[in-house]
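Asker: Turn this into a model:
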Amino acid sequence: MEDTAGGEADEDTAEEEEHLDASQLPSCVIHRILTGNKKELKANQEWLRTNIFHTRLEHGDRSLNVIIDNGSGMNVISEIAVERLHLKIETHPSPYRISWVNEHNSVSVKHRCLVQFSLGQEYVDEAWCDIIPMTVCHMLLGRPWLYDRRVSYNGYTNTYSFYFKGKKLVLVPLPIAEFEATNKKVPVLNMHQFSQAVSGEQMLLFVVRREVKQDDGVVPKELAIILDRFQDIMPSEMPNQLPPMRDVQHVIDLIPGSSLPNLPHYRMSPAENEELNQQIQ
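Answerer: Below you'll find the predicted structure:
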């Protein structure tokens, strides 16, 4: 990792302070949420007292949900984020196992990748992250990143601050949205409304899947075209019973317990074999 923090010399000369809020870019991974009404944040800032630090950092034109945890001894990134961002992975120089990700089984850490991330134009950085199966966030910055950037934590404001290229940067936490259950009908957009929503900027899209029931007696347009084309073999009324018995009944007599014959085809001349191959092709 290239050291761009600047060290103590920058701390002495830095005069500017920049507060960086979470990125508003679309997430790199779609998240499933419960249907409900979003609760309003409490005016007394109680959420700062009970929530750990969340933010969104940027990677290209997508954002990463990030947790900064000074109790973690490593930087980690989720497997799905690595896959969606097409990050280059390499074998970990010191493989190890962890158990805090999964309470039932420990997880082997065998690979890592160099992740580039930013927040606006003020902060552009990169860090080595171990790759693990993780759903709590896309990336977790732990002690290695905190140490390399000489980060300070304010427990009251739940902010992380550090000096970067002569400027003091303060990472502001992202409020965690809470939802409450609702019995209201879930709204569904029609195609015109959906097109208008997509054309907007800074949109949060909720995709709702519902079952579409076909009305009785209504034939889909695609199927109606096929029925019209083959109406000579598809009568309007279908029989409600099996065909009548015929004079000759075609049956295959099977011997109980016997095995089906599995033999190669009969021998043929080279000319016949060539003709057979041509017909098959």
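Asker: only C-alpha atoms for contact and neighbour calcs from this point on.
Answerer: Fine.
Asker: the strands in the protein, which residues?
Answerer: 17-20, 37-38, 53-59, 62-68, 76-78, 89-98, 107-119, 123-132, 139-141, 152-154, 159-164, 167-171, 179-180 (DSSP state E).
Asker: With respect to residue 273, which of those lies nearest?
Answerer: The closest of those to residue 273 is strand 89-98. By Cα to Cα, the value is 51.3 Å.
Asker: Adding distance to residue 219, write the strands of the chain out as JSON lines.
Answerer: As requested, the strands of the chain are exported to JSON lines (distance: least, Cα to Cα, whole Å):
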{"stretch": "strand 17-20", "distance to residue 219": "57"}
{"stretch": "strand 37-38", "distance to residue 219": "38"}
{"stretch": "strand 53-59", "distance to residue 219": "48"}
{"stretch": "strand 62-68", "distance to residue 219": "43"}
{"stretch": "strand 76-78", "distance to residue 219": "47"}
{"stretch": "strand 89-98", "distance to residue 219": "52"}
{"stretch": "strand 107-119", "distance to residue 219": "53"}
{"stretch": "strand 123-132", "distance to residue 219": "50"}
{"stretch": "strand 139-141", "distance to residue 219": "50"}
{"stretch": "strand 152-154", "distance to residue 219": "65"}
{"stretch": "strand 159-164", "distance to residue 219": "60"}
{"stretch": "strand 167-171", "distance to residue 219": "58"}
{"stretch": "strand 179-180", "distance to residue 219": "41"}
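Asker: Any chance of JSON lines for those strands, columns mean pLDDT, distance to residue 264 and mean neighbour count?
Answerer: Output for those, formatted as JSON lines (pLDDT from 0 to 100; distance: least, Cα to Cα, whole Å; neighbours: other Cα atoms under 10 Å):
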{"stretch": "strand 17-20", "mean pLDDT": "82", "distance to residue 264": "74", "mean neighbour count": "14"}
{"stretch": "strand 37-38", "mean pLDDT": "56", "distance to residue 264": "68", "mean neighbour count": "12"}
{"stretch": "strand 53-59", "mean pLDDT": "91", "distance to residue 264": "60", "mean neighbour count": "22"}
{"stretch": "strand 62-68", "mean pLDDT": "90", "distance to residue 264": "59", "mean neighbour count": "21"}
{"stretch": "strand 76-78", "mean pLDDT": "93", "distance to residue 264": "53", "mean neighbour count": "23"}
{"stretch": "strand 89-98", "mean pLDDT": "90", "distance to residue 264": "49", "mean neighbour count": "12"}
{"stretch": "strand 107-119", "mean pLDDT": "92", "distance to residue 264": "49", "mean neighbour count": "18"}
{"stretch": "strand 123-132", "mean pLDDT": "93", "distance to residue 264": "51", "mean neighbour count": "19"}
{"stretch": "strand 139-141", "mean pLDDT": "93", "distance to residue 264": "59", "mean neighbour count": "24"}
{"stretch": "strand 152-154", "mean pLDDT": "92", "distance to residue 264": "77", "mean neighbour count": "13"}
{"stretch": "strand 159-164", "mean pLDDT": "92", "distance to residue 264": "75", "mean neighbour count": "21"}
{"stretch": "strand 167-171", "mean pLDDT": "92", "distance to residue 264": "74", "mean neighbour count": "20"}
{"stretch": "strand 179-180", "mean pLDDT": "56", "distance to residue 264": "67", "mean neighbour count": "12"}
